[in-house]
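Trainee: Provide a 3D model corresponding to the input given below.
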Amino acid sequence: MGAGNLTMAQSNLYLKQEPVAQRSFMKDDFPLVRKAFLTLGISLLLGAALIGISRAILLKQQDAMNQAQAQRNDASDKLRQAETDKREIQDYQAKYMQLRECGFVGEERRLDWVERIRHIQESRKFLPISYAFSAQQPIQTDSSVLTGSLELRGSKMKLQMDLLHELDLLNFMDDLKIKGLYTVQACTLKRIGTAAETPQSPRLAAECALYWLTLGKRTDGQSETPQPGKQ
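Mentor: Coordinates of the predicted model:
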């Protein structure tokens, strides 16, 4: 074996005998990428925070939009209701004014009723008419009828009149409607037994009970009476 071969063998022997150095990631490699890891972590945290903030802002805006939509819907409903009420007022105004003019709405007009009876008697040449009014009282209405702060009232009138024929009574009742609204509780006709002495002698006698009706402001502490048709 030559001297050169001996030297190479010795060198190889020395190389094999040298220990291999062990690398540690945390000690040797991590310092090299630590800034990159920190940057990545901060970026992830900032991204998560921005996502959370964006979601909170979106939910808040959505709630505001829902509230605004609800307010718009409520305003639209109120506007439609106001328009409906306006149309109803216009539709019923003429009828209301007619009822007020004839004396149904407001306080009773007993003097107008008396004057109307006198006028009918004179214009139609009726025989004498006698009548008497009772005190006005509230009248019970069905619970489904909503009158608000108003109440229905009735003034009972007992009427007695002699007639030449049945048509006189019908004409009298029809003429009476001009000055108010009333309902007939009862009405009886009796034939007078004696023979008529003259063409103007009465042949029938009528006795009627009427309720003059008015609609006025409710008064507390008054007792209600049965409905006129049921008393």
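Trainee: So what's the residue count around residue 137?
Mentor: Using other Cβ atoms under 10 Å, the number of residues around residue 137 comes to 15. For the C-beta atoms, the positions are set from N, CA and C on the backbone; glycine is no exception.
Trainee: In the record's domain split, what are the boundaries for the chain?
Mentor: Per the record, the chain has its domains at 34-101, 110-230, by automatic domain parsing.
Trainee: okay, the ones you listed, which one's buried deepest?
Mentor: domain 110-230 (a mean of 14; mean count of other Cβ atoms under 10 Å).
Trainee: So what's the model's average confidence on that one?
Mentor: Averaging pLDDT along domain 110-230 gives 83.
Trainee: Now do that domain: distance to the chain's middle.
Mentor: Averaging C-alpha positions (Cα atoms, centre = their mean, to the nearest Å) puts domain 110-230 37 Å from its chain's average.
Trainee: quick check: longest helix of the chain.
Mentor: helix 30-101 (DSSP state H).
Trainee: tell me the contacts of residue 160?
Mentor: 129, 130, 131, 205, 206, 207, 208 (Cβ atoms under 8 Å, 6 or more residues apart in numbering).
Trainee: need the contact list for the second one.
Mentor: For residue 130, the contacting residues are 159, 160, 161, taking Cβ under 8 Å, 6+ apart as the criterion.
Trainee: State whether it is indeed within a strand.
Mentor: Yes: using DSSP: H, G, I helix; E, B strand; the rest coil, the assignment for residue 130 is a strand.
Trainee: what about residue 184, distance to residue 66?
Mentor: 60 Å (Cβ to Cβ, to the nearest Å).
Trainee: before we move on, what about residue 158?
Mentor: As for residue 158, its distance to residue 66 is 67 Å (criterion: Cβ to Cβ).
Trainee: do the same with residue 216
Mentor: With distances taken as Cβ to Cβ, residue 216 is found 47 Å from residue 66.
Trainee: Ok, residue 190 next?
Mentor: Relative to residue 66, residue 190 is positioned 76 Å away (Cβ to Cβ).
Trainee: same check, this time on residue 214
Mentor: Separation of residue 214 from residue 66 (Cβ to Cβ) stands at 51 Å.
Trainee: swap in residue 93?
Mentor: In terms of Cβ to Cβ, residue 93 sits 40 Å off from residue 66.
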